[in-house]
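> give the three-dimensional model of this entry:
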Amino acid sequence: MTKATVQLNDKQRKLVEDNHNLIYSFLNKHELHSREWYDVCAIGLCRAALHYNGSSQFSTFAYKCMLNEVRKVMRISRTQKSVPDSETISLSTEVRIVCDKTTYTLDEFIPSKSNTEDEALGKIWVEWFIEKVPLTTLKVLYGKLNEKTCRELAEDLGVSFSRISAVTRKLQEYCKRNSRYVPRSTNDEDERQKYIEQIKILLDKLS
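From the prediction side, this is the model:
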């Protein structure tokens, strides 16, 4: 699936050998098939050993590195091919996003096929995507996942209907381009993180 060379010294190689089972626990946690994703996670584990500085538990750092490798491969895969309409579904439940006369579904934000692995990959991709999303857009996405209309969100957030519509369209554009927002320096990081966690909770409930 992917090729990479990671040069390790004896100490780092021993760290990989002693923690080899982390690959399988990561695959099980994210419901990924070992045949497809073992090599990717192995690279992540090696990178973890290469850059580990002892400031946290190795398992925690290794999980982060493996997740980064999975996300990297996913982004490349999503860029190289588009998902046919017949294979596009929501995580498990169709969540309709109603804005004016246009109806969107969660599947337009999370392309995947109808099996557990692709649902898990869809969630991993969304978690990567929302890391950089501005606060207002997070609020809109959270509202949409709770099946609120653009008009209801405009009232809740105290902004115009056209503003909510524009935010929704922009959100979709980023998703379809497989890119994410460029972060700006703001003072609302704590509130952003709150909405990010709430969105993750909603995604877990859909699976």
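
> now do Glu94, the pLDDT please.
Model confidence at Glu94, expressed as pLDDT, equals 30.

> where does the prediction get shaky in this structure?
1-6, 78-122, 176, 178, 183-185, 206-207 (pLDDT under 70).

> could you chop it up by domain?
10-80, 96-206 (automatic domain parsing).

> make JSON lines from those and add mean neighbour count to it.
C-betas here are computed from N, CA, C, even on glycine. Formatted as JSON lines, the domains of the chain follow (neighbours: other CB atoms under 10 Å):
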{"stretch": "domain 10-80", "mean neighbour count": "16"}
{"stretch": "domain 96-206", "mean neighbour count": "16"}
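
> the helices in the protein, which residues?
Per DSSP state H, the chain carries helices over the ranges 10-18, 21-29, 34-51, 58-80, 116-130, 135-145, 150-157, 161-176, 189-206.

> looking at those, which is nearest to Val182?
Proximity to Val182 (CB to CB) singles out helix 161-176 among these, at 10.3 Å.

> how far off centre is that closest one?
Remark: helix 161-176 is offset 18 Å from the chain centroid, using CA atoms, centre = their mean, to the nearest Å.

> swap in stretch 54-71?
The chain centroid and the centroid of stretch 54-71 are separated by 16 Å under CA atoms, centre = their mean.

> how about the helices of the chain in JSON lines, adding distance to Val182?
As requested, the helices of the chain are exported to JSON lines (distance: least, CB to CB, whole Å):
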{"stretch": "helix 10-18", "distance to Val182": "34"}
{"stretch": "helix 21-29", "distance to Val182": "29"}
{"stretch": "helix 34-51", "distance to Val182": "25"}
{"stretch": "helix 58-80", "distance to Val182": "16"}
{"stretch": "helix 116-130", "distance to Val182": "13"}
{"stretch": "helix 135-145", "distance to Val182": "13"}
{"stretch": "helix 150-157", "distance to Val182": "22"}
{"stretch": "helix 161-176", "distance to Val182": "10"}
{"stretch": "helix 189-206", "distance to Val182": "14"}
